[in-house]
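Visitor: Make a model of this:
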Amino acid sequence: MPPNKTKSTLPPLRGRQAAWLAAYCDPTSHTTFMNATASAEAAGYQAKNRRNLGVIGHENLQKLKPHVEHWLDQAGFTEERIKLKVLSLMDALETKFFQHEGIVTDTRRVEALGIQLGAVQLAARIKGLFAPQEVKVTGLSDLAGRLTRAHQREEGDDDGGA
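Guide: Numbering: from 1, shown residues only. You can find the predicted model right below:
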């Protein structure tokens, strides 16, 4: 659903920016919802390649951040609700099933450490507690290897499309 058209002090959008915002905030679209690159493509932006579409999407996300935040508030994703959700995820539990010869013999509720870690990392990232990673290059011969490893680490930290 496109952003709610309630009273707002935000300037109205037109053209491709309006189309980008509608695509980005459309929860019924599995391809564009909260995906800046796919939203740029759906809005009709032209680029030589997907990477350039990603740049356009990121620029729109930065320029239209107040519009996105307004939509999130209208959709019920207020700061308070997000805080409460992250706090609840920090106490997440999961059920472990134990079996013998294909038959479940026991279950136990245990802490869902993966979910809890993700919630803590999200909270820390939001609060700015993660320092930017610095890559030191000592020589050109190992540059490619270091850049590849840094890129792989970044991709491992990336949870979505921006």
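Visitor: all contacts plus neighbour counts: C-alpha atoms, from now on.
Guide: Will do.
Visitor: Distance check, the residue of the chain most remote from its centre against residue 44.
Guide: When each C-alpha in the chain is compared with the mean C-alpha position (CA atoms, centre = their mean), residue 101 comes out farthest, at 41.0 Å. Going from residue 101 to residue 44 by CA to CA, to the nearest Å gives 56 Å.
Visitor: is it true that residue 96 lies in a strand?
Guide: Yes. Judged by DSSP: H, G, I helix; E, B strand; the rest coil, residue 96 forms part of a strand.
Visitor: Can you pull out the low-pLDDT segments for this protein?
Guide: Under the criterion pLDDT under 70, the flagged ranges of the chain are 1-8, 126, 131-143, 156-162.
Visitor: Let me see the ranges of the helices in the protein.
Guide: With DSSP state H, the ranges of helices along the chain come out as 15-24, 36-42, 50-63, 65-74, 79-89, 113-126, 143-157.
Visitor: Next, give phi and psi for the residue farthest from the centre of the chain.
Guide: Backbone torsions of residue 101, given as degrees, to the nearest 10, read phi 50, psi 40.
Visitor: How is this protein divided into domains?
Guide: Per automatic domain parsing, the structural domains of the chain span 15-77, 78-155.
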